[in-house]
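1. build me a model from this:
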Amino acid sequence: MKNILITGGAGFIGSHVVRRFVTNYPNYHIFNLDALTYAGNLENIADIENAPNYTFVKGDITDETFIANLFFKHQFDAVIHLAAESHVDRSITDPLAFVRTNVIGTMILLNAVKTSWKSSDSSKRFYHISTDEVYGSLGETGLFTETTAYDPNSPYSASKASSDHFVRAYGETYGLPYVITNCSNNYGPNHFPEKLIPLFIHNIINNKPLPVYGDGKYTRDWLYVIDHARAIDLVFHKGKNHETYNIGGFNEWQNIDLVKLLCEKMDEKLNRTPGTSAQLITYVKDRPGHDLRYAIDASKINRELGWKPSVTFEEGLEQTIDWYLTNQKWLDHVTSGDYQGYYEKQYGE
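-> Sure thing, here's the model as predicted:
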């Protein structure tokens, strides 16, 4: 049985990855390491917490001694590294928190791996999950490829760019067997309601304003989180060492068009008069360093590993809305903070 460490596995993307690996690979023992900050929610993976090949570990990747002891104790065969501060707005308010987690935390993991693994052991793998935001901003045309020069514009994207560089440097300097993926904006079930889609679903349910930055014409490529977990599975098992793969949804939307579509679908789901939710749209002051457009060229992962999205954006959005409406208790727990007591209830003495 292989011991695999997944960091940030109680978060949005991480919980879907943990569930997929625990469910699909009984010959792997999955150790889910999460600090349970505001975005870490064990309710996200309550359905697999008693699986025989799953162990939750509460801990911080910035705690060097803790991480060293964890590697010594469990002798991990692979690391899938998702733990990160990821909200651009928060990075503008507190950039040092992003440096500590995204840069120093990644460095501590890399050092633990360097100490624990022989550089010649190709059976090991350090899989670093990153973002398309490291590439900066596109104009009206063009796509981010794996060879696009880095040009981060926010403290968040700068911290992720730095961590990407350190992973590659450890590969070149110490022979670390690594892969990196850079993904576009994720959406789907279990997303903490600070990002656009879950925030606006929550606000529409409660008839609260929908704050749209600037003129709303910022463009993003949207990726269904379950499709992202599928891609991570593929890259982990079939990706080539020292390679980067971009993962995108082939699915660009201007923010304002996405919000209008969301309002339309929410009106249908809530049996409201068409146009009711759109009246909640409120344009607010733009945020500093706001990138105009992101768009991923995911042809490499499609060509080499056979991955492509399994749903259209409209299908994924409908499934996402249905999940939030069906899981109102989860949403209530998240917005009230009650979810933060789950660890003590399940694991506390």
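2. could you list the buried residues of stretch 147-155?
-> By 16 or more other Cβ atoms under 10 Å, the buried positions in stretch 147-155 come out as 148, 152-155. C-betas here are computed from N, CA, C, even on glycine.
3. tell me, how many neighbours does the closest residue to D151 other than its chain neighbours end up with?
-> Nearest residue to D151, sequence neighbours excluded (Cβ to Cβ, 6 or more residues apart in numbering): G136, at 3.1 Å. A count of nearby residues for G136, using other Cβ atoms under 10 Å, gives 20.
4. G136 reaches Y150, doesn't it?
-> Yes. Using Cβ atoms under 8 Å, G136 makes contact with Y150 at a distance of 7.4 Å.
5. how far away is E85 from H242?
-> Computed as Cβ to Cβ, to the nearest Å, the E85 to H242 distance reads 26 Å.
6. which one's more surrounded, the two?
-> E85 (22 against 15).
7. report the contact partners of the more buried one.
-> 91, 97-98, 101-102, 156, 159 (Cβ atoms under 8 Å, 6 or more residues apart in numbering).
8. of those, which is the nearest to K118?
-> N102 (27.2 Å; Cβ to Cβ).
9. ok so that closest one is a helix residue?
-> Yes. N102 sits within a helix when classified using DSSP: H, G, I helix; E, B strand; the rest coil.
10. how about the residue lying closest to it once chain neighbours are set aside, secondary structure?
-> In this structure, N102 finds its nearest non-sequential neighbour in S159, 3.8 Å apart by Cβ to Cβ, 6+ apart. The three-state label given to S159 by three-state DSSP is helix.
11. close enough to count as contact, S159 and F98?
-> Yes. At 4.2 Å, S159 and F98 qualify as touching, with contact defined as Cβ under 8 Å.
12. compare these two (neighbour count), which wins?
-> Taking other Cβ under 10 Å, S159 and F98 do not tie; S159 has more neighbours (28 against 25).
13. how close does the more buried one sit to R90?
-> 11 Å.
14. overlap of the contact sets of those two?
-> F98.
15. what strand or helix carries the residue nearest to H87 when sequence neighbours are not counted?
-> Nearest residue to H87 in three dimensions, chain neighbours excluded: E194, at 5.7 Å (Cβ to Cβ, 6+ apart). Using DSSP states H and E, E194 is not contained in any helix or strand.
16. how near is E194 to V334?
-> Counting by Cβ to Cβ, the gap from E194 to V334 is 10 Å.
17. again with A229
-> Counting by Cβ to Cβ, the gap from A229 to V334 is 20 Å.
18. can you show me the strands along this structure?
-> 2-7, 28-34, 54-58, 78-81, 125-131, 178-183, 185-187, 210-213, 219-224, 243-247, 252-254, 281-284 (DSSP state E).
19. tell me which other helices or strands the last one touches.
-> So the one you mean is strand 281-284. Judged by 3 or more Cβ pairs under 8 Å, 6 or more residues apart in numbering; DSSP states H and E, the packing partners of strand 281-284 are strand 210-213, helix 255-269.
20. isn't D132 up against Y294?
-> Yes. Shown here, D132 and Y294 form a contact pair, counting by Cβ under 8 Å, at 5.0 Å.
21. so for those two, which residues contact both of them?
-> Joint contacts of D132 and Y294 (Cβ under 8 Å, 6+ apart) are 144, 184-185, 221.
22. nearest to A278, of those?
-> For the shared contacts of D132 and Y294, the nearest to A278 is N185 (21.6 Å; Cβ to Cβ).
23. now for the closest one, how many residues are close by?
-> So N185, with other Cβ under 10 Å, has 21 neighbours.
24. quick check, pLDDT for it.
-> Per-residue confidence (pLDDT) for N185: 92.
25. quick one: it and Y218 touch, right?
-> No. Under the criterion of Cβ under 8 Å, N185 lies out of contact with Y218, with a separation of 10.8 Å.
26. burial of the residue lying closest to R272 once chain neighbours are set aside, as a residue count?
-> Nearest residue to R272, sequence neighbours excluded (Cβ to Cβ, 6+ apart): M266, at 7.5 Å. By other Cβ under 10 Å, the residues close to M266 number 22.
27. list the contacts for W117?
-> W117 sits in contact with 124, 176-177, where contact means Cβ under 8 Å, 6+ apart.
28. now L305. Nearest residue, chain neighbours left out?
-> Closest to L305 by Cβ to Cβ, 6+ apart is L234, at 4.8 Å.
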